[in-house]
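J.: Here's my sequence, what's the structure:
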Amino acid sequence: MHAFHPPPHLAHPVVQTMAGSLRWRARGLTALERSTFFKIIETGAGVKLQAAVSRPASGRGPLVILLHGWEGSANSAYIVTTARFLFENSWHVVRLNLRDHGATHHLNTGLFYASRLDEVCDSIVHICRKWRGLPIILCGFSLGGNFALRTALRLSIGRSRIPNLAHVVAVSPVIDPAKTTKAVDNTRLIRSYFLFKWRKSLIKKQQAHPGRYDFGRIIKMDRIETITAALLERYSPFENTEAYFDTYTLTGDRLGPIRIPTTILTAADDPIIPVEDIYGLRTGPAVRKIVLRRGGHNGFVRGLSKGAWYFDCLKKLGERAMRI
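T.: Next up, the predicted model:
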């Protein structure tokens, strides 16, 4: 295992998990924010996703596309701190908001589902082609890591070829959503965190599309799995949660065809992604798995006023891509 030694007060996996998302870690206004402008990417299917774009003055580095996790956003602490570090090292940065994340509930009528790979992949392809003169690193976190891996898979077996997509990184990626959902529900602090954010998000969606949605009964439910099942039954074409989860399950050899260089970074003590799911992946030579002993979920925080362990990993991948 690679070495990551968090300070004692941040060593517990749940503490690491929550520390990664502490909003005050991203407080203040830096050069990243001052350079940022927002762009709407419209896919061929008419879906609109929002991207926060930041260009460094020097323009010497590669481009990173950052994908947040479920109920996160382009302004999540782990996204902002990662973006700031890379931007300060002359990287171009695109932070993509998934549907119904951030302040985007009004952009599309349909609800967000993790099965909506087409719109995310199409947006990533659009960005890569727009920046074709630069090597690009795609980095996703948690559910965003799941999207990143599925994008790497699709681009490996499909007709679209993106020569400048140099590397894909998945930090704490969701591999088996059924297991992850149960793990979240069984960890009270993490469940409360996600329930609070999901309820707020559903209320925003209802307000943005009055008459289309009524989540009054659903948001009173107290488990992620129960709310998921209720939403699927009322607002989706999926027969049940099993059918829905299968659309983004990545267990076994599903990632085997990936040909784009890919790194999966996770922690053995992740409270919601069983490390066995990572070890059980049967992948080809393009995929590298890094399992740290500690780090929690989406954590790897060196200190509350410091960065994350994976910052230097991303920097090295970018430097390597620039030399090719």
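
J.: hey, let's count contacts and neighbours off CA atoms from now on
T.: OK.

J.: quick one: the helices in the stretch 51-200 of the chain?
T.: Using DSSP state H, counting those that start in this stretch, the helices of the stretch 51-200 of the chain run over residues 77-88, 117-130, 143-157, 177-185, 188-208.

J.: for the first one, packing partners?
T.: Taking 3 or more C-alpha pairs under 8 Å, 6 or more residues apart in numbering; DSSP states H and E as contact, the helices and strands that helix 77-88 lies on are helix 31-35, strand 63-67, strand 92-96, helix 310-323.

J.: Any idea how far apart the tips of stretch 8-22 sit?
T.: 18 Å (C-alpha to C-alpha, to the nearest Å).

J.: Could you export the helix or strand bottoming out on mean pLDDT in the chain as PDB, CA atoms only?
T.: Across the helices and strands of the chain, mean pLDDT, DSSP states H and E gives its lowest value to helix 310-323, namely a mean of 92. The C-alpha trace of helix 310-323 is given here as PDB (Å, rounded to 0.1, in the frame of the first residue of the first chain):
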ATOM      1  CA  TYR A 310      -3.800  13.000  -4.200                       C
ATOM      2  CA  PHE A 311      -2.900  16.600  -5.200                       C
ATOM      3  CA  ASP A 312       0.700  15.600  -6.000                       C
ATOM      4  CA  CYS A 313      -0.500  12.500  -7.800                       C
ATOM      5  CA  LEU A 314      -2.600  14.600 -10.200                       C
ATOM      6  CA  LYS A 315       0.300  17.000 -10.600                       C
ATOM      7  CA  LYS A 316       2.700  14.200 -11.600                       C
ATOM      8  CA  LEU A 317       0.100  12.800 -14.100                       C
ATOM      9  CA  GLY A 318      -0.200  16.300 -15.700                       C
ATOM     10  CA  GLU A 319       3.600  16.700 -15.900                       C
ATOM     11  CA  ARG A 320       3.900  13.300 -17.600                       C
ATOM     12  CA  ALA A 321       1.100  14.100 -20.000                       C
ATOM     13  CA  MET A 322       2.800  17.400 -21.000                       C
ATOM     14  CA  ARG A 323       6.000  15.600 -21.900                       C
END
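
J.: quick one: it to helix 77-88, angle?
T.: Relative orientation of helix 310-323 and helix 77-88, computed by axes from the mean of the first three to the mean of the last three C-alpha atoms, to 10 degrees: 40 degrees.

J.: ok, back up a step: and the helices of the stretch 51-200 of the chain: which comes nearest Thr228?
T.: Thr228 lies closest to helix 177-185 among these, at 9.4 Å (C-alpha to C-alpha).

J.: now that closest one, how far from the centre of its chain.
T.: 17 Å (C-alpha atoms, centre = their mean, to the nearest Å).

J.: counting contacts, what elements does that helix pack onto?
T.: Taking 3+ C-alpha pairs under 8 Å, 6+ apart as the contact cut, helix 177-185 packs with helix 188-208, helix 224-235, helix 241-246.

J.: Export the ones you listed to TSV and append columns for mean pLDDT, distance to Ile65 and mean neighbour count.
T.: Shown next, in TSV, are the helices and strands packed on helix 177-185 (pLDDT from 0 to 100; distance: least, C-alpha to C-alpha, whole Å; neighbours: other C-alpha atoms under 10 Å):
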stretch	mean pLDDT	distance to Ile65	mean neighbour count
helix 188-208	97	23	17
helix 224-235	97	28	16
helix 241-246	98	25	16
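
J.: who wins for proximity to Pro261 among the helices of the stretch 51-200 of the chain?
T.: helix 143-157 (8.6 Å).

J.: Just put the helices and strands packed on helix 177-185 in JSON lines and tack on distance to Ala286.
T.: Compiled in JSON lines, the helices and strands packed on helix 177-185 are given as follows (distance: least, C-alpha to C-alpha, whole Å):
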{"stretch": "helix 188-208", "distance to Ala286": "33"}
{"stretch": "helix 224-235", "distance to Ala286": "34"}
{"stretch": "helix 241-246", "distance to Ala286": "24"}
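
J.: Ok, which of those comes nearest Asn146?
T.: Per C-alpha to C-alpha, nearest to Asn146 of the helices and strands packed on helix 177-185: helix 241-246, 12.1 Å.

J.: so after that closest one, what's the next helix or strand?
T.: strand 262-267 (DSSP states H and E).

J.: can you tell me how far the residue nearest to Asp176 when sequence neighbours are not counted sits from Thr17?
T.: Counting by C-alpha to C-alpha, 6 or more residues apart in numbering, Asp176 lies nearest to Thr249, which is 5.1 Å off, once chain neighbours are set aside. Per C-alpha to C-alpha, Thr249 is found 22 Å from Thr17.

J.: out of the two, which sits in the more crowded spot?
T.: Thr17 (23 against 17; other C-alpha atoms under 10 Å).
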